[in-house]
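Peer 1: The amino acid sequence is not available; the structure is as follows:
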């Protein structure tokens, strides 16, 4: 059996271990310490956001953003439908109702027209949504200006879920820095990783201070343990922050490698009948976290599932794109606004192995198998 090719495996550089070793040597093994402070500072320098707090996950970051926006039981929060469940789970943690919005075809991200339709529909129903959670899918920036215009028109704060878009830009600005909050993930499959981890950023210093307070069990300023608020154990450890500092040093190389993967696949597969790769809008620069393409099965009868199974039979991991959240069993009864763009993409689209540590030989294996799926003319 050939070696396993994974969808997106961790890719360590030369400096991560040195930072971790330093944490051990100085005994900073707690969820506080110099690496945590430095990681937050260096992440702000990367993104241009003035304030940040390092957390245990991107999910924790979304949860704290909703708490700080005072989302409560019975409220409604609008969310991209075409995303991972972690984008919407924190809405339910707060006892609020997710309202899902469809994608547009240019970027596969939230459609501003459907967003406005959803807001007007909820207002007509008696409730103004408390927040909008916009996902930048697979490292591709959404058209943020059009989304922000709608949010500002109805005075609704925007949370950018940039979990998949570290190193991606919109009109020269880093994704996650244009809304009230930006949320990032450093999970093991992301473009850079701390094993698990996340970051919450904002222009609002006071809100980030409150996020740090809540993420460390909301301990009051007293010599004993005193608590006047419900807190959370959401802070990133100093050891993992050291991994993150090392990963930031190689981020540009990781983006370059993933974009090269995309270009290789597009060159080798782009001429096959029915295949269309995820577009890159001219207003942004994607990090190409995962290379995705859709395939029209009416052309020669080849489907994305046929390709996925052919790859799996050769020990290569590929995965269908996210199943839209309004189709998930846990979310199927919540409101949805759209025209089935995300549903159509889910039916036809596949994520190919995209790690920055893949060799040209690995990529060639993937391509050769896909070519074999197609019937000989």
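Peer 2: Received the coordinates, thanks. Model, not experiment: these values are computed from the prediction. Numbers count the residues shown, from 1 in each chain.

Peer 1: pretty sure residue 293 belongs to a strand, no?
Peer 2: Yes - counting by DSSP: H, G, I helix; E, B strand; the rest coil, one finds residue 293 located in a strand.

Peer 1: which other helices and strands contact the lengthiest helix in the chain?
Peer 2: The longest helix of the chain (DSSP state H) is helix 251-269. If you count contacts as 3 or more C-beta pairs under 8 Å, 6 or more residues apart in numbering; DSSP states H and E, helix 251-269 packs onto strand 275-277, strand 291-295, helix 360-373. Where C-beta positions appear, they are placed from N, C-alpha and C, glycine not excepted.

Peer 1: For the shortest one, list every residue counted as buried.
Peer 2: Spelled out, that is strand 275-277. Going by neighbour count (16 or more other C-beta atoms under 10 Å), the buried part of strand 275-277 is 275, 277.

Peer 1: From the chain's centre, how far out is whatever helix or strand comes next after that strand? Work that out for me.
Peer 2: Next along the chain after strand 275-277, taking DSSP states H and E as the criterion, comes strand 284-285. Put simply, strand 284-285 sits 15 Å off its chain's centre (C-alpha atoms, centre = their mean, to the nearest Å).

Peer 1: what sits against residue 92?
Peer 2: When contacts are counted by C-beta atoms under 8 Å, 6 or more residues apart in numbering, residue 92 is found next to residue 98.

Peer 1: How about residue 106?
Peer 2: 143, 279, 281.

Peer 1: one step back: quick one, which of the helices and strands packed on helix 251-269 is packed in tightest?
Peer 2: Using mean count of other C-beta atoms under 10 Å, the stretch among the helices and strands packed on helix 251-269 with the greatest mean number of neighbours is strand 291-295 (a mean of 24).

Peer 1: Who does that strand pair with, and is each partner parallel or antiparallel?
Peer 2: Sheet pairing of strand 291-295 (DSSP bridges) gives strand 275-277 (antiparallel), strand 349-352 (antiparallel).

Peer 1: Is it correct that residue 79 is in contact with residue 133?
Peer 2: Yes - between residue 79 and residue 133 a contact is recorded at 4.4 Å, counting by C-beta atoms under 8 Å.

Peer 1: any residues in contact with both of those two?
Peer 2: Listed contacts common to residue 79 and residue 133 are 87, 88, 91; contacts here mean C-beta under 8 Å, 6+ apart.

Peer 1: got a list of what the second one touches?
Peer 2: Going by C-beta under 8 Å, 6+ apart, residue 88 touches 79, 98, 100, 133, 325, 331.

Peer 1: Check the gap between the fourth one and residue 147 for me.
Peer 2: Counting by C-beta to C-beta, to the nearest Å, the gap from residue 133 to residue 147 is 11 Å.

Peer 1: same check, this time on the last one
Peer 2: Distance of residue 331 to residue 147, given as C-beta to C-beta: 21 Å.

Peer 1: Compare those two and say which is more crowded by neighbours.
Peer 2: Set side by side, residue 331 and residue 147 show unequal neighbour counts under other C-beta atoms under 10 Å, the larger going to residue 147 at 24 against 20.

Peer 1: isn't there a helix covering the more buried one?
Peer 2: Yes - residue assignment for residue 147, taken from three-state DSSP, places it within a helix.

Peer 1: Residue 115 is in contact with that one, correct?
Peer 2: Yes - between residue 147 and residue 115 a contact is recorded at 6.3 Å, counting by C-beta under 8 Å.

Peer 1: Quick check: neighbours shared by those two?
Peer 2: residue 132.
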